[in-house]
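A.B. asks: Following is a predicted model, sequence given first.
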Amino acid sequence: MSKIINDWKFVIFACLTLGLAPFFPEPHIWGKLRWILGGAVGMGPMDWFDTVLHGFPWVLLIRLGVRSIVCPVRQDASKD
């Protein structure tokens, strides 16, 4: 499981599919974030779950970005 969530290709693919679907009239996560920033008036439990579902790939992408900056891939010392 950790191999999948640490794979850049998989995470970017998840962001472009699940993270943005449905695409029209606007990406779903964008609409949910605007709704939350507007006070989340009328949001029910299903809307919150939907936000978490569509937002999770973006959280993974941010995590990978931070991880690559803070903890760069260490070179194996035996390869010298």
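C.D. replies: That came through fine.
A.B. asks: Now name the helix or strand holding the most centrally placed residue in the chain.
C.D. replies: Residue closest to the average C-alpha location in the chain (C-alpha atoms, centre = their mean): W58, at 1.4 Å. W58 belongs to helix 45-70 when elements are defined using DSSP states H and E.
A.B. asks: mind listing what's buried in that helix?
C.D. replies: D50, T51, H54, G55, F56, P57, W58, L60, L61, L64 (16 or more other C-beta atoms under 10 Å). No exception for glycine: its C-beta is placed from N, CA and C like everyone else's.
A.B. asks: Test my guess that the third one contacts G31.
C.D. replies: No: contact criterion C-beta atoms under 8 Å: H54 and G31 do not qualify, at 9.5 Å.
A.B. asks: quick revisit: spatially nearest residue to the residue nearest to the centre of the chain, not counting backbone neighbours?
C.D. replies: G19 (5.4 Å; C-beta to C-beta, 6 or more residues apart in numbering).
A.B. asks: For that neighbour, list the residues it contacts.
C.D. replies: When contacts are counted by C-beta atoms under 8 Å, 6 or more residues apart in numbering, G19 touches P27, I29, H54, G55, F56, P57, W58.
A.B. asks: Need the max-distance pair from those residues.
C.D. replies: P27 and F56 (14.5 Å; C-beta to C-beta).
A.B. asks: so the residue nearest to the centre of the chain makes contact with L18?
C.D. replies: No: W58 lies out of contact with L18 (C-beta under 8 Å); the separation is 9.7 Å.
A.B. asks: In CSV, list the contacts of G19 along with distance to P45 and pLDDT.
C.D. replies: Shown next, in CSV, are those (distance: C-beta to C-beta, whole Å; pLDDT from 0 to 100):
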residue, distance to P45, pLDDT
P27, 22, 89
I29, 17, 90
H54, 15, 93
G55, 15, 94
F56, 17, 94
P57, 21, 94
W58, 21, 95
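A.B. asks: how about P57, what does it touch?
C.D. replies: Residues near P57 by C-beta under 8 Å, 6+ apart: V11, A14, C15, L18, G19.
A.B. asks: I am finished for the moment; much appreciated.
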